[in-house]
Each structure stands twice: as C-alpha cells, then as structure tokens.
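Peer 1: Quick one, structure for this:
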Amino acid sequence: MPQKPPSFKVSLSFKNRTMAYFYGQIEQQQRILQRVQSILPEALAKQARHCIIKDRKLLIYTDSAAWASQLRFYNNAILAAVASLTRTPVETMKIKIISSHTGLVLGPKRRVKIPSIEKIEVIRNNSLSIPDNQLRLALLKLSTTLEKLSGKGVQKDSFGCDVSSYK
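Peer 2: Residues are numbered from 1 along each chain as shown. Down below sits the predicted model:
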C-alpha cells in the first residue's frame, strides 16, 4: 500500500521569533505611515509612500524631488506626530526619493520626446529674427542640441549652411 505523504504546516504557522519580529516591524512602519499621512494635506499624503525609523531618524520615501520639498515643510509637525509611536525619540527626518537606485520604481520609465526636424527648423529660423542676442543664442543652441538628439539632424557649418551641399 502506498504511503501517504507526510502533512506539513505552512511555515508561517510555526512559532518563529524572527518572523514575528519582522511582522512587528512592518506593522510599526504602517502605523507610522498612517500617522504621517493623517497630518498631511490629502494630495501630499498620497505621495508619502513608506516610512521607516532607523537610528533615531525618520525616513520618508516619496516619488519625486518636488514632493520631497513639499514634505520638508511639515518636518516639525511630522516629528511631533510620530513621537508618540516610537520607544526612542526621533530626532531628524530625511526624505528619500524612490528610484532605480533604491530598487523600487513606481510607474513606467519616462522617455524624452524629441520634436520633429520640421519643428526644430522652425525654432532655428524664428530664433534668427529675435533682437535679444542672449535669447537668440539660447534658441540656436537648443535647436542644435535637439537636432543632435534626434539623430536625423543635418550637419551644418558655423554659418548654418548644410554641409552636404559642399560635396
């Protein structure tokens, strides 16, 4: 008669202090995040993604530098709100930006949109008629850079003439 395979428990059902510690850490981080989000305005609260306390520092993770600068305005309010949730006092707050360097990327990677050659030529041609020398040079540099980035650019000499016409 074939033997019945031994039954086994799900690994999380065993009493494991290490797993219990990590679950406790996760719960604490979620409580801190909820407290931080509760004192922030609604639009800004959505941008606070994760909160971690490490070495008397509160680390708040967000998506961009723009949101990070907005969160810094609430430094004192956030530290005061989190004080009651921690055993040791939190002295400083740091804002971290979620990126490929942190290992977590939210949303698709954005790609640069290069205008068409026709639009680049419009920028170049219109820049020649601008009386402000500094603005004219900036637009000429912009059109040259866009042309190089597009990879379809026509090589020009220092006078703006097409180099292929020399051949």
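Peer 1: Quickly list the domain ranges of this protein.
Peer 2: 16-97, 112-154 (automatic domain parsing).
Peer 1: Give me the contact list for the lengthiest helix in the chain.
Peer 2: Counting residues, the longest helix found in the chain (DSSP state H) is helix 17-39. Residues outside helix 17-39 that contact it (CB atoms under 8 Å, 6 or more residues apart in numbering): 12, 45-46, 48, 50-53, 58, 60, 74, 77-78, 81-82, 85-86. All C-beta atoms are positioned from the backbone trio N, CA, C, and that covers glycine.
Peer 1: of those, buried ones?
Peer 2: 48, 50-53, 58, 60, 74, 78, 81-82 (16 or more other CB atoms under 10 Å).
Peer 1: if we can go back for a sec, so which bits of the longest helix of the chain are buried?
Peer 2: So helix 17-39, judged by 16+ other CB under 10 Å, has buried residues 28, 32-33, 35-37.
Peer 1: Stretch 83-93 now?
Peer 2: 90, 93.
Peer 1: residues touching residue 71, list them.
Peer 2: 40, 44, 47-48, 60, 62, 78, 95.
Peer 1: give me the low-pLDDT residue ranges for the chain?
Peer 2: Along the chain, segments meeting pLDDT under 70 span 1-2, 4-15, 100-110, 152-167.
Peer 1: For it, which segments count as strands?
Peer 2: For the chain, the strands defined by DSSP state E cover 50-54, 57-62, 92-97.
Peer 1: got those strands as JSON lines, with distance to residue 119 columns?
Peer 2: Formatted as JSON lines, these follow (distance: least, CB to CB, whole Å):
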{"stretch": "strand 50-54", "distance to residue 119": "41"}
{"stretch": "strand 57-62", "distance to residue 119": "34"}
{"stretch": "strand 92-97", "distance to residue 119": "32"}
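Peer 1: Those: which one's closest to residue 139?
Peer 2: For those, the distance to residue 139 is smallest for strand 92-97, at 32.0 Å, taking CB to CB.
Peer 1: relative to strand 57-62, how tilted is that closest one?
Peer 2: Angle, strand 92-97 to strand 57-62, by axes from the mean of the first three to the mean of the last three CA atoms, to 10 degrees: 30 degrees.
Peer 1: got a list of what residue 149 touches?
Peer 2: Contacts for residue 149 (CB under 8 Å, 6+ apart) come out as 112, 114.
Peer 1: can you rerun that using 10 Å?
Peer 2: Residue 149 makes contacts with 112, 114-115, 120, as judged by CB atoms under 10 Å, 6 or more residues apart in numbering.
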